[in-house]
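Trainee: Make a model of this:
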Amino acid sequence: MWYQYGALVFGLLTAAAGAAPSQQQQQEPELVDEFRDGLTNSVNRTAQWVDSFFADKVNPDDYNTASGRFTLRPEWDEYGGFKLDSSFRARVVFPNAEQRITAFIGRADFDDFINETQDSRPSVIRRDEADEEWMVGLGFDPYVDDSQRLSFSAGIRGGLALDTYVSSTYRFETVLSDISELYSQSVGFWRDSDGFGIAQTFEYDRVLSENWFNKFWIRGTFAERTEGVRWHLSNKSYYLYAPERALGAEVWWYGETRAVVPMQDYGIRALHRQRFHRDWLYLESWVGVHWPRELLTEAREPRWIVGIELELQFGQ
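Mentor: This is a model prediction of the structure:
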């Protein structure tokens, strides 16, 4: 496991360096391609073994349902210093269970994991490092159509600590016009270490012109472990200047209503996102300024942030 993880990191950094491939490398798959194929096949084979409990015979050709993403994110923040962040999430569907039962594994912040919003939060938003742990579980989707989805999941997090959790999610989306859509997601959850909680998310997407796109996003979370309601608001605007290439700008706010400092952070950053060497590999870079404050004794001052993110998508 750790060898594969290190191999992937090495492959991504090699691609980022833009080294010219040798003649042998042109004839053989590169390390990052081999890792992606191996990861996809491993997840699919595991799904075939688990799904065999639901049927007497299984067809190996039916097991190509794995999907997921891996991100590697080095960032320097004038407030918190340098850090290397990463996240991983894989999902697979079991055909013999009427394609309603799924399995997943991932490493991320718990709130982001159950809300499936790892890519919606600026990385500078601080969270308890202990909350970034491996999670595994099963999901059940009793109702899915083009505009609605109802799902349930249960699993464990924290490794040997076996911190169990369950959650239910209802997601609804509607087309408001030819240029705008509205998404709503409600999540109820319970976990052994923190008790009950709820999270509500709203997203509003709007096409501003042929090349301009805007996404507004807001979420509130209330749980026994939070200081009141933890909330996060973000607005991103993108300019698509070429296929698979975009410039963007983001403004965000973050806080907890009953914390010592209710407004914990806000900021702005410029973004650039592009497809990178592969159809399934993306590179995003950013630079910005934010105004963090965690203690009443701190002065709120502007702090620079600079970072990049490599995202590898695999499976379907």
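Trainee: what's stretch 180-200 in contact with?
Mentor: Stretch 180-200 is contacted by residues 110-111, 114-115, 157-158, 163-176, 201-207, 219-226 when judged by C-beta atoms under 8 Å, 6 or more residues apart in numbering. All C-beta spots, glycine's among them, are computed from the backbone N, C-alpha and C.
Trainee: go on, stretch 307-316?
Mentor: Stretch 307-316 has contacts (C-beta under 8 Å, 6+ apart) with 8, 12, 15-16, 32, 36, 39-40, 43, 64-76, 90, 123, 276, 280-286.
Trainee: Could you list every helix and strand in contact with the host helix or strand of residue 166?
Mentor: Using DSSP states H and E, the element containing residue 166 is strand 163-177. Using 3 or more C-beta pairs under 8 Å, 6 or more residues apart in numbering; DSSP states H and E, the elements in contact with strand 163-177 are helix 110-115, strand 148-157, strand 180-191.
Trainee: and these, which is most packed in?
Mentor: helix 110-115 (a mean of 23; mean count of other C-beta atoms under 10 Å).
Trainee: Following element in sequence after it, please.
Mentor: Beyond helix 110-115 toward the C-terminal end (DSSP H and E), the next one is strand 132-144.
Trainee: Export stretch 191-205 to CSV, keeping only CA atoms.
Mentor: Only the C-alpha atoms of stretch 191-205 are listed here, as CSV (Å, rounded to 0.1, in the frame of the first residue of the first chain):
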residue,chain,number,x,y,z
ARG,A,191,-20.7,8.9,14.8
ASP,A,192,-19.6,7.2,18.0
SER,A,193,-17.1,9.9,19.0
ASP,A,194,-19.3,13.0,18.4
GLY,A,195,-22.9,12.1,18.4
PHE,A,196,-25.6,13.4,16.0
GLY,A,197,-25.2,16.1,13.4
ILE,A,198,-26.8,17.6,10.3
ALA,A,199,-25.4,19.5,7.3
GLN,A,200,-27.2,21.5,4.7
THR,A,201,-25.6,22.6,1.4
PHE,A,202,-26.9,24.8,-1.4
GLU,A,203,-25.1,25.3,-4.7
TYR,A,204,-26.1,27.7,-7.5
ASP,A,205,-24.4,27.4,-10.9
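Trainee: and that stretch, which residues are buried?
Mentor: Buried residues in stretch 191-205, defined by neighbour count with 16 or more other C-beta atoms under 10 Å: 191, 194, 197, 199, 200, 201, 203, 204, 205.
Trainee: check which helix or strand covers residue 34.
Mentor: Assignment of secondary structure by DSSP H and E places residue 34 within helix 31-51.
Trainee: That helix relative to strand 132-144, how many degrees between them?
Mentor: Helix 31-51 runs at 60 degrees relative to strand 132-144, counting by axes from the mean of the first three to the mean of the last three C-alpha atoms, to 10 degrees.
Trainee: Tell me which other helices or strands helix 31-51 touches.
Mentor: Judged by 3+ C-beta pairs under 8 Å, 6+ apart, helix 31-51 is in contact with helix 2-17, strand 81-93, strand 101-109, strand 303-315.
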